[in-house]
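Visitor: predicted structure and sequence below. I'll ask about it afterward.
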Amino acid sequence: MPSIYTEIEINAPRPVVWEALIRKDEWRRWNTFLFDADPALPLRQGQEVFLSIRRLEEDESTDFEPVVTLVQPEVCLRWFATMPGFKSEHVFELQDLGPSRTLYIHRERFTGLLSGLFLTFIRNDEKRGIQRMARQLKRYVERRVYREYRREKRNA
């Protein structure tokens, strides 16, 4: 089964990274790879969401409607999208690396009769897109979210 994979270490606790990842109403602040047509609709298991993907920042976006198949708080988010002859599964995983460090993993798996054909055209751009999202999540969490989290902890 063909797949694309990226990972990045983020200097923040897993709950902080999870909150940034799951709050799709905030994605436009930091994420140039995935966009949401209905940001107020939370990511819930079994729910269809309306997303757009922009593999390269200067490209037009492509809309798709995946179904969320797993929401395991602070650990894993997974959704599955289908088109005739082509299926893709996005998996986002968080692993503790220490008290204030998290490993963010983004994996995309492809199946279906036309997956080889589609991948010929999108593989490199898709890989760059998920890598860009990982870097942007890291920057957003480390610069904004985690700084606010630490400030709140000190004031509590």
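Guide: Thanks, I have it.
Visitor: Asp25 contacts Asp38, doesn't it?
Guide: No. Counting by Cβ atoms under 8 Å, Asp25 sits too far from Asp38 to count as a contact (9.4 Å). In this view, the C-beta of every residue, glycine as well, is placed from N, C-alpha and C.
Visitor: how about the nearest residue to Ile22 once chain neighbours are set aside, secondary structure?
Guide: In this structure, Ile22 finds its nearest non-sequential neighbour in Leu43, 5.8 Å apart by Cβ to Cβ, 6 or more residues apart in numbering. At Leu43 the chain is in coil, as set by DSSP: H, G, I helix; E, B strand; the rest coil.
Visitor: strands along this protein, start to end?
Guide: 3-10, 34-36, 51-53, 62-64, 67-72, 76-83, 86-98, 101-111 (DSSP state E).
Visitor: buried residues of the last one, list them for me.
Guide: Think strand 101-111. The neighbour-count check on strand 101-111 (16 or more other Cβ atoms under 10 Å) flags 102, 104-111 as buried.
Visitor: adding pLDDT and distance to Ile4, write those residues out as TSV.
Guide: TSV is the format used below for those (pLDDT from 0 to 100; distance: Cβ to Cβ, whole Å):
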residue	pLDDT	distance to Ile4
Thr102	97	21
Tyr104	98	15
Ile105	98	12
His106	97	8
Arg107	96	7
Glu108	92	5
Arg109	90	8
Phe110	84	8
Thr111	82	13
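Visitor: so which of the residues you listed would you say is closest to Gln131?
Guide: His106 (8.4 Å; Cβ to Cβ).
Visitor: mind showing which ranges of the chain have poor pLDDT?
Guide: Where the chain drops to pLDDT under 70, the residues are 1, 114-122, 145-146, 149.
Visitor: please name the bridge partners of the residue nearest the centre of the chain.
Guide: With distances taken as Cα atoms, centre = their mean, the residue of the chain nearest its centroid is Phe92 (5.8 Å). Counting by DSSP bridges, Phe92 is bridged to Leu77, His106.
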